[in-house]
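K.L.:
any chance you can model this:
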Amino acid sequence: MTGAASDPWFTQVRRWGQTNLTELDPTRYPNDLWREQWRTTGIDAVIVNAGGIVAYYPTAIEDHARARHLGDRDLFGEVVADARAAGLAVVARMDSSRVGADAAARRPEWLARDGSGAPYRAGDLTVACVNSPYYSEHLPAVLAEIITAYRPDGFADNSWAGLDRRRVCHCEHCRTGFRDATGFALPTVIDHTDATYRSWYRWNVARRSRIWTENARIVRDLGGADCLWLGMLPGSVTAQVDRFIDARALLSDARLALLDHQFRGRRGFEDNAETGRRHTELMPAGSVLAESMAMYRSGNPVFRLASVPAGEATLWMAAGAAGGIDPWWHHIGAVHGDRRQYDRAGKHFAWHRRNEAHLRDRTPVARVALVWSELNAAVYGGEDAVSRTTTPADGFRRALLTARIPATPLHIDDLAARGHRFTTVVLPQLAVLTAAQRDAVASFVAADGNLIASGPLGALDENGDPAPAGPLAEILGTRPLGTASGQTGPHTGGFEDARRHTYLERTTDWPESAAAIWSALAGTDLIGFGGRLDHVTAQPGAHVLATAVPAFGVYPPETSWRPPVSEPALPAIVVTEGTGGRGRTVHLAADLDRCAGRNDLADHHHLLAGLVRWTLQGPEPVLLEGPGRIDLRPYRQGERWVIHLLDAGRSEATPGTVEDLWSIGPYRLGVHDPDGALTHAHGLVSGDPLVTRRDGPRLWVSIPALTGHEVIVVTPGAQESLGTGGTARGAGSPRGK
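P.N.:
Numbers count the residues shown, from 1 in each chain. I've put the predicted structure just below:
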């Protein structure tokens with residue numbers, strides 16, 4: 001491990017490994033193989049199954065079943081001893097959400113139950129209730145037994161949060177506990193518009209926070225100040241909402257956090273960088289974030305025992321590093337017929353070990369904040385939170401990625417304290433705001449901050465009820481009419497269904513400052529839309545940049561012409577220029593962000609990026625020129641820059657299928673350096689020094705190619721800049737400043 005022996009163990013860990021044991025593994029666990037895997041991958045901490053559903057040690061606790069094939073073997077103890085001999089930290093893995101048939105029969109008071117009183121099942125197991133003695137008595141006893149016998153450094157638990165928000169537990173503990181806390185009977189509907197359900201949801205969030213806090217106290221009291229109960233967190237906002245997890249509250253004082261976000265889905269490799277940035281923003285400076293990364297084949301379907309393709313693993317881990325995540329290989333089972341998976345982490349882990357000094361303790365550089373809110377996802381998102389809240393955020397994220405505009409995820413409750421770091425904040429479909437959040441948005445704009453918002457910003461309060469107009473009434477330059485047209489979900493009709501056949505049309509009401517917004521769309525005044533439009537009117541002084549063209553025929557072709565419209569066109573994009581110290585604002589009455597996230601259309605990306613650029617004034621801190629869809633993540637680390645480049649174009653491949661990495665390029669990276677201090681650059685992946693050339697206030701770095709990803713370190717110093725004073729091979733002449 002890295003660091004002084006007196007430093008807490010979690011500050012020294014940089015790389016993690018996990019062999020997720022099966023119940024058959026006590027008969028076949030190859031100690032030598034895994035000791036060698038630890039050594040060759042250079043991990044600092046091992047995560048291994050201890051107890052919960054089953055124990056991998058000879059537990060003495062009644063109803064804590066031993067693994068089926070454990071017998072008298074102490075497999076957990078053997079792995080702990082091997083890890084200690086190798087100088088590794090040890091985290092005991094728990095799974096505390098379910099019990100086997102014997103325990104379920106003997107301890108019926110532990111079980112979560114549906115409205116008919118039947119236990120909730122999960123395959124051959126039964127789900128335990130978070131309000132039962134299973135959580136308050138049994139699991140603390142298991143933690144105490146493990147600490148006493150083995151002294152692990154911490155505990156992980158990937159299912160600690162119990163049932164999700166779509167299943168109400170009707171056990172006696174929940175019935176009496178909810179009634180005592182709120183005075184209500186348990187909800188009969190799963191609906192965030194229902195007052196009882198909203199109270200039940202908040203009650204469950206509070207219970208999960210207490211479980212987190214209480215477990216952390218137990219292991220700290222028994223194991224010492226540096227013994228940590230870490231749980232695990234799902235990576236996405238909607239998954240956290242589904243599990244009643246308030247990540248901001250849980251991570252506000254976390255010194256180490258673990259993510260269960262093992263592989264990519266539709267959102268692409270770059271999702272891992274965004275996930276890392278979102279969570280590190282919630283944690284204190286200097287904290288550590290690690291993430292379980294599958295070495296088995298992901299995708300649809302998943303193959304638990306087959307190897308992940310090499311390119312898939314490398315790009316996911318590289319994206320994690322770009323977001324501040326430390327890598328953690330994860331294998332299911334101790335013995336594998338597909339032995340290729342043992343090699344998948346090796347090269348990246350070796351690279352990570354060589355360059356770990358550049359991958360922590362740094363400050364992200366971004367002028368744009370992409371604001372998120374779990375409250376909005378829960379209340380406004382409801383049962384369609386992905387489409388209503390995640391997809392719009394994805395649309396902006398993809399537009400900014402395509403335009404190579406770095407952005408930082410920012411929780412809405414942190415806007416008041418941290419908004420000064422940003423020039424522009426983007427609020428995608430944040431319909432639900434508390435009074436304090438509405439005040440923070442208004443204050444940000446009043447202090448010359450720029451705002452881009454889509455949909456009915458702050459139209460609802462925390463209960464989902466209509467909110468008073470308050471300080472947001474005049475900010476966006478629009479007045480809502482209370483009606484809407486179009487659809488939010490994916491298009492399910494064919495040519496005969498014309499409901500999605502809508503457009504946005506550019507107007508002539510453009511302020512001179514906004515001319516560049518449409519520059520990437522030169523040659524057209526009309527772009528396809530196909531989404532939802534909130535009906536608004538523009539206030540005096542605001543500018544309507546685009547209006548909506550209502551749906552008309554698609555098929556047969558003879559009907560596909562735009563009919564005349566007698567009524568004035570409805571505003572789709574409205575901007576205010578900002579005067580008297582106020583910042584510029586953009587209101588997307590048309591859900592262009594949701595359409596961009598759903599359909600990935602270049603026109604939508606260009607227009608969203610143009611709107612963001614209009615709000616950004618002054619030089620870009622970092623510019624990148626060259627081919628492809630590249631995720632750009634710059635950081636400052638003291639006097640040096642550390643800039644991650646990720647080939648996000650490979651995200652277009654089906655998840656779980658990327659075998660090889662492609663070399664693409666060349667690129668030119670321009671770092672704004674008005675003091676002229678920067679002189680030297682090198683690539684951490686290629687290992688090569690790079691040609692640099694100064695042009696005014698910007699240092700340009702020539703990158704011949706990147707293969708999957710690259711990390712460019714730009715430094716000042718006595719070393720003469722390669723290429724300074726002339727055009728070296730691959731340098732080119734700067735086209736922009």
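K.L.:
helix or strand: which one has the residue positioned nearest the centre of the chain?
P.N.:
The centroid of the chain falls nearest to Thr275 when counting by CA atoms, centre = their mean (2.5 Å). In the assignment (DSSP states H and E), Thr275 maps to helix 270-282.
K.L.:
what is the helix or strand just after that helix packed up against?
P.N.:
Counting by DSSP H and E, the next helix or strand C-terminal to helix 270-282 is strand 288-294. The contact analysis (3 or more CB pairs under 8 Å, 6 or more residues apart in numbering; DSSP states H and E) places strand 288-294 against strand 256-260, helix 270-282, helix 310-322, strand 328-332. In short, each C-beta sits where N, CA and C put it, glycine included.
K.L.:
listing request: residues of this structure with sub-threshold pLDDT.
P.N.:
Counting by pLDDT under 70, the ranges of the chain that qualify are 1-5, 718-737.
K.L.:
who touches the residue nearest to Asp600 when sequence neighbours are not counted in this structure?
P.N.:
Take Asp600 and drop its neighbours on the chain: the residue closest to it by CB to CB, 6 or more residues apart in numbering is Arg398, 6.6 Å away. By CB atoms under 8 Å, 6 or more residues apart in numbering, the residues touching Arg398 are Ala596, Gly597, Asp600, His605.
K.L.:
check which helix or strand Arg398 maps to.
P.N.:
helix 391-403.
K.L.:
can you give the strand pairings for the next helix or strand after that helix, parallel or anti for each?
P.N.:
Sequence-wise, the next helix or strand downstream of helix 391-403 (DSSP H and E) is strand 407-411. As defined by DSSP bridges, the strand partners of strand 407-411 come to strand 368-372 (parallel).
K.L.:
for the helix or strand just after the partner strand, list the C-alpha coordinates in PDB.
P.N.:
Next along the chain after strand 368-372, taking DSSP H and E as the criterion, comes helix 374-379. In PDB, the C-alpha atoms belonging to helix 374-379 read as follows (Å, rounded to 0.1, in the frame of the first residue of the first chain):
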ATOM      1  CA  GLU A 374     -32.700  12.800  -6.300                       C
ATOM      2  CA  LEU A 375     -35.800  14.600  -5.000                       C
ATOM      3  CA  ASN A 376     -36.700  15.600  -8.600                       C
ATOM      4  CA  ALA A 377     -36.100  12.000  -9.800                       C
ATOM      5  CA  ALA A 378     -38.300  10.600  -7.000                       C
ATOM      6  CA  VAL A 379     -41.200  13.100  -7.100                       C
END
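K.L.:
other residues contacting stretch 383-391?
P.N.:
166, 190-192, 236-238, 241, 376-378, 380-382, 428-429, 488-490, 594, 597-598.
K.L.:
again, 6 Å this time
P.N.:
Outside stretch 383-391, the residues that touch it by CB atoms under 6 Å, 6 or more residues apart in numbering are Thr238, Asn376, Ala377, Gly381, Gln429, Thr488, Gly489, Arg594, Gly597, Arg598.
K.L.:
secondary structure element for the first one, which one?
P.N.:
This means Thr238. helix 237-242.
K.L.:
name the helices or strands packed onto that helix?
P.N.:
Here helix 237-242 touches helix 374-379, going by 3 or more CB pairs under 6 Å, 6 or more residues apart in numbering; DSSP states H and E.
K.L.:
and the helix it packs on, how far from the chain's centre?
P.N.:
15 Å (CA atoms, centre = their mean, to the nearest Å).
K.L.:
what packs against that helix?
P.N.:
On a contact count with 3+ CB pairs under 6 Å, 6+ apart, helix 374-379 meets helix 237-242.
K.L.:
got the contact list for the helix or strand that the helix it packs on is followed by?
P.N.:
As assigned by DSSP H and E, the chain's next helix or strand after helix 237-242 is helix 247-251. When contacts are defined by CB under 6 Å, 6+ apart, helix 247-251 is touched by residues Ser209, Trp212, Leu233, Gln240, Ala257, Leu282, Met283, His411.
K.L.:
in those, find the pair that's most separated.
P.N.:
Between any two of the contacts of helix 247-251, the greatest separation by CB to CB is 17.7 Å, found for Trp212 and His411.
K.L.:
the two: which has the busier surroundings?
P.N.:
Trp212 (23 against 19; other CB atoms under 10 Å).
K.L.:
among the contacts of stretch 383-391, name the buried ones.
P.N.:
Using 16 or more other CB atoms under 10 Å as the burial test, the contacts of stretch 383-391 include Thr238, Asn376, Ala377, Gly381, Gln429, Thr488, Arg594, Gly597, Arg598 as buried.
K.L.:
dihedrals phi and psi, the nearest residue to the second one once chain neighbours are set aside?
P.N.:
It refers to Asn376. Spatial nearest neighbour of Asn376, chain neighbours left out: Val432 (4.4 Å); criterion: CB to CB, 6+ apart. Dihedral pair for Val432: phi -100, psi 120, per degrees, to the nearest 10.
K.L.:
so who does Val432 touch?
P.N.:
Leu375, Asn376, Val379, Tyr380, Leu460.
K.L.:
do Gly320 as well
P.N.:
Contacts of Gly320 (CB under 6 Å, 6+ apart): Asn272, Gly276, Glu291.
K.L.:
go with 8 Å
P.N.:
If you count contacts by CB under 8 Å, 6+ apart, then Gly320 has Asn272, Ala273, Thr275, Gly276, Glu291, Met293, Asp326, Pro327 around it.
K.L.:
relative to Ala459, how far out is it?
P.N.:
36 Å (CB to CB, to the nearest Å).
K.L.:
assumed Leu415 was part of a strand.
P.N.:
No - counting by DSSP: H, G, I helix; E, B strand; the rest coil, Leu415 is not part of a strand but helix.
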